[in-house]
Structure formats: C-alpha cells, structure tokens
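# Just to be clear, the model below is a prediction. Sequence and coordinates:
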Amino acid sequence: MLTKGFEVEMYTGTPNADIMGFSDKIVAALDGFVREPDTRNVEYTTPPLRRYERLLCELVRPRQRLRAYLKQLGHYTIIPGSTLSTGDSSYFDRSDPQNPYHSYIEQTYGTKVVTASIHINVGISDAETLMRACRLVRVEAPLYLALSAASPFLDGEVTGYHSARWSLFPKTPAHVPLFESHRHYIRWTEEQLSLGTMQNVRHLWSAVRPNGDSRPHNLNRVELRICDMVGDPLTLLAIMALLEARLQQMIADPSLDPLEASLLPAHSRAEDLVALTDANELAAGKLSLDAELRHWRDGRLILARDWVEELQQEVWQSAKKQGFNCFLMPLKKVLREGNEAQRWLQQIEQGLDVRSVMQQAIQELEAQEAALAEEICQPQVA
C-alpha cells in the first residue's frame with residue numbers, strides 16, 4: 001500500500017455559524033497546526049501512513065484537540081464548508097501582517113483564496129512514475145471535485161455553484177500543461193519563476209501538482225488540490241481509497257497514461273487534454289455529480305456520477321487485493337444521497353436559509369467526530 005496523508009483546512013467560529021479568526025492563537029497553543037494567510041481558517045497535516053485505520057485517527061484526533069481548545073477560548077467551534085458561507089468576503093483578516101508572501105496574496109487575489117480545502121498526498125518515489133500519476137490524476141480530478149463539493153454558499157447567499165471555492169479560486173499560473181516528464185516539469189517551473197508567474201515553487205495552484213521537499217528537483221508524492229473540505233472523515237477516506245486504488249492500477253499498468261491511452265488526436269493530445277480537463281473542472285464546480293463531462297479517453301459525454309461509479313467498479317478488485325476495498329463503501333452513499341453541497345441545497349429548497357443549514361451542519365459534524373473518536377480512536381484532547 002502507498003503512503004498517504006491529508007492537509008486539512010478548516011474554518012472556526014461560533015455554533016451560530018459566525019466565522020471568526022483564531023489561527024494566531026491556535027498555532028501558538030497547539031502543535032501540528034499552521035496558519036493560513038487569513039486568520040479565519042487554520043490547517044493541520046496528517047503524517048504519511050499506509051493503513052486507513054491509523055489515518056482515520058490522525059484525521060479525528062487533531063479536530064478533537066482543536067475543539068477542546070476553542071471551548072477554552074469561549075463558545076467556539078469548527079465550521080464545515082469551503083467558502084465564507086456566512087462570513088464577509090469583502091475584507092482580508094490577515095493572520096501574519098508582516099509576512100510579505102501573505103501581502104502579495106492579499107493584494108493579488110483578495111479573499112478568493114480565503115477558502116478551506118483538503119489536499120490529498122500520495123507517496124510515489126520514482127520521478128517518472130510520479131509524472132505519469134500527475135497526468136492521470138489531472139484528467140480525472142473533476143471527479144474528485146464532484147465527490148467533495150461543499151461550497152454552495154458565500155456571504156450568506158446561494159452562489160449557483162456546488163463548489164464556489166474552485167469556481168472562483170485563482171488557479172495559478174493560468175495555463176499549466178500536462179508534464180510529459182520530470183525534466184519538462186523542472187524546465188517549466190524554472191521558466192515560470194523567471195517570468196514571475198510563480199513567486200516560489202509552492203505558487204503552483206492547480207488541481208494537481210508534484211510535491212516534495214525540494215521542488216522541482218526532489219519529488220516524492222502527488223498532491224491532489226482540487227477537493228473541497230470534506231467534513232465526514234469516512235467519506236474523505238473513501239475518496240482517498242478511490243485515488244489510491246486508481247494509482248495502484250496505473251503503477252501495475254504503465255500504459256494507463258492519458259498521453260498514451262487517449263484516443264484524441266496524437267499531434268495535439270496534450271493540449272486537447274488540458275482544454276478538456278479545464279472545461280470538466282468548470283462543469284464539476286457548477287453541478288458536481290450532476291455535471292456532464294467529457295471522458296479523457298474518447299471525448300464521450302458522461303455524467304460525473306456515472307463516471308465515478310465506473311471508476312469505482314474498475315478499481316474494486318485492486319482495492320480488494322490490497323485489503324482496503326471496504327473504505328470505498330461510503331462512495332455509494334454519496335452517489336445515492338449527494339455530496340455536502342447537494343444535501344445543503346436540498347435543505348434550502350425545503351425552506352431553510354443559509355445560516356440555518358450551516359448551524360445544522362456544525363452540529364452534525366461535531367457529533368460525527370465525537371462518535372468516531374469514541375468508537376475507533378482513544379480520544380486525545382489534552
């Protein structure tokens with residue numbers, strides 16, 4: 001099994017769904033948490049692990065610690081979702097006013113980047129295998145967005161998007177190619193740094209990117225950045241299981257490479273795949289699982305939910321051989337009942353307002369985490 005882990009960004013605030021910033025206090029008080037440019041959200045990272053059972057505990061335990069600390073500050077909690085659903089996006093609440101990179105982000109992008117997301121990292125040590133993984137994950141990233149969409153609201157209003165976060169997020173640089181090799185990625189990154197379209201090696205904000213301790217040269221993992229903040233840890237593990245099983249399939253069958261396996265014209269395949277995938281990302285951001293996408297293999301139209309189901313069936317045996325197919329099971333519920341955005345929008349249709357929907361979501365997430373901590377992990381809230 002591959003090593004894997006999450007970078008988890010979360011909003012803080014009140015049970016009444018008022019989003020409030022405490023990241024400077026949280027980072028000073030709790031090990032394992034880091035600040036984002038805006039103080040209203042905070043991030044923690046799970047260690048690279050192979051077993052899903054351990055990964056589940058590493059997802060839940062930091063949240064329990066965070067919740068305990070927020071209660072020390074007052075009547076505060078974690079707020080689900082990936083945008084300032086009930087907040088105020090007209091201002092940037094800086095967490096570190098002296099940080100020049102944060103200043104650049106605020107001045108260049110404003111609050112379009114004040115979002116909460118899940119970054120999924122999977123370890124792959126061989127550079128060319130990693131590049132092939134990035135190509136495959138890039139063209140299928142819209143499916144992971146469709147599963148995870150959790151940002152239909154902004155500033156107390158319904159936005160018209162299932163993932164307003166990804167639909168509004170300033171993907172940078174504006175055009176990112178399919179990297180044909182590790183050398184191509186190095187050359188391209190150095191060119192962007194020279195042109196100023198990237199401020200540093202981390203300033204590559206696309207759906208997926210190679211990652212490592214010394215980018216662009218030393219790489220050890222593929223990072224999927226497109227997902228909204230999935231509140232339910234079991235659903236998040238299911239998304240991870242789908243990604244890992246797909247990567248295991250690709251490692252076993254190197255021909256599962258969009259640059260080789262696609263039936264699009266060979267002379268323009270890389271460019272056509274980027275255009276097709278960009279359009280799919282926009283569609284998935286708008287309607288998530290109900291979006292009509294074009295398949296990278298042959299360009300045929302397919303609903304996102306049908307494509308996910310096809311993929312799940314395709315990787316099931318691979319996951320079963322590795323012993324983690326049970327972690328795929330929550331995907332069936334998501335496909336049947338909808339992702340968070342779809343369920344929240346159903347509540348809007350039933351007559352609730354945005355704040356009431358988020359208040360209920362806050363309560364449900366806290367209860368869910370408490371149940372998991374008691375059932376699976378030994379609670380560690382000190």
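Yep, that arrived. Numbering: from 1, shown residues only.

# Does residue 205 have any beta-bridge partners, and if so which?
residue 172 (DSSP bridges).

# where's it relative to residue 328, distance?
Note on residue 205: its distance to residue 328, by Cβ to Cβ, to the nearest Å, is 29 Å. In short, each C-beta sits where N, CA and C put it, glycine included.

# between these two, which one's more packed in?
Using other Cβ atoms under 10 Å, the more surrounded residue of residue 205 and residue 328 is residue 328, with 21 against 16.

# got a pLDDT number for the closest residue to that one other than its chain neighbours?
Of all residues not flanking residue 328 in the chain, residue 241 sits nearest, at 4.9 Å (Cβ to Cβ, 6 or more residues apart in numbering). pLDDT for residue 241: 98.

# Residue 241 belongs to a strand?
No. Going by DSSP: H, G, I helix; E, B strand; the rest coil, the assignment for residue 241 is helix, not a strand.

# Might one say that it is in contact with residue 324?
Yes. Judged on Cβ atoms under 8 Å, residue 241 makes contact with residue 324 at a distance of 5.6 Å.

# Looking at these two, which has the bigger crowd around it?
Set residue 241 next to residue 324 and count neighbours by other Cβ under 10 Å: residue 241 wins out with 24 against 21.

# Now do the same contact list for that one.
Counting by Cβ atoms under 8 Å, 6 or more residues apart in numbering, residue 241 touches 52, 319, 324-325, 327-328.

# Would you check how far apart it and residue 366 are?
25 Å.

# ditto for residue 88
Distance from residue 88 to residue 366, by Cβ to Cβ: 24 Å.

# which of the two has more neighbours?
The residue with more neighbours, out of residue 88 and residue 366, is residue 366; 17 against 13, by other Cβ under 10 Å.

# so where does the more buried one fall, helix or strand?
Assigned by DSSP states H and E, residue 366 belongs to helix 354-375.

# which parts of that helix are buried?
Neighbour counts over helix 354-375 (16 or more other Cβ atoms under 10 Å) mark 354, 357-359, 361-362, 365-366, 369, 372-373 as buried.

# For those residues, which two are the farthest from each other?
354 and 373 (28.6 Å; Cβ to Cβ).

# Next up, phi/psi of residue 302, please.
phi -160, psi 140 (degrees, to the nearest 10).

# Share the number of residues neighbouring the nearest residue to it once chain neighbours are set aside, please.
Using Cβ to Cβ, 6+ apart and skipping residues adjacent in sequence, the residue nearest residue 302 is residue 295, 5.3 Å away. Neighbours of residue 295 under the rule other Cβ under 10 Å: 17.

# what sits against residue 295?
By Cβ under 8 Å, 6+ apart, the neighbours of residue 295 are 301-302, 307.

# cool, and residue 287?
Residue 287 neighbours (Cβ under 8 Å, 6+ apart): 162, 304.

# the strands in the stretch 151-300 of the chain, which residues?
With DSSP state E, counting those that start in this stretch as the criterion, the stretch 151-300 of the chain has strands at 153-154, 157-158, 208-211, 221-224, 292-294.

# quick one: contacts of the fourth one?
The one in question is strand 221-224. Applying Cβ under 8 Å, 6+ apart, the contact partners of strand 221-224 are 3, 48, 119-124, 130, 133-134, 137, 141, 144, 207-212, 243, 247.

# Select only the buried ones of those residues in PyMOL?
Buried subset of these, written as a PyMOL selection, criterion 16+ other Cβ under 10 Å:
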select buried, resi 3+119+120+121+122+123+124+130+133+134+137+141+144+207+208+209+210+211+212+243+247
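
# Which SSE is immediately downstream of the lowest-mean-pLDDT helix or strand in the chain?
The weakest-scoring helix or strand in the chain, judged by mean pLDDT, DSSP states H and E, is helix 100-109 (a mean of 90). Using DSSP H and E, the helix or strand that follows helix 100-109 in sequence is strand 118-123.

# No further questions, thank you.
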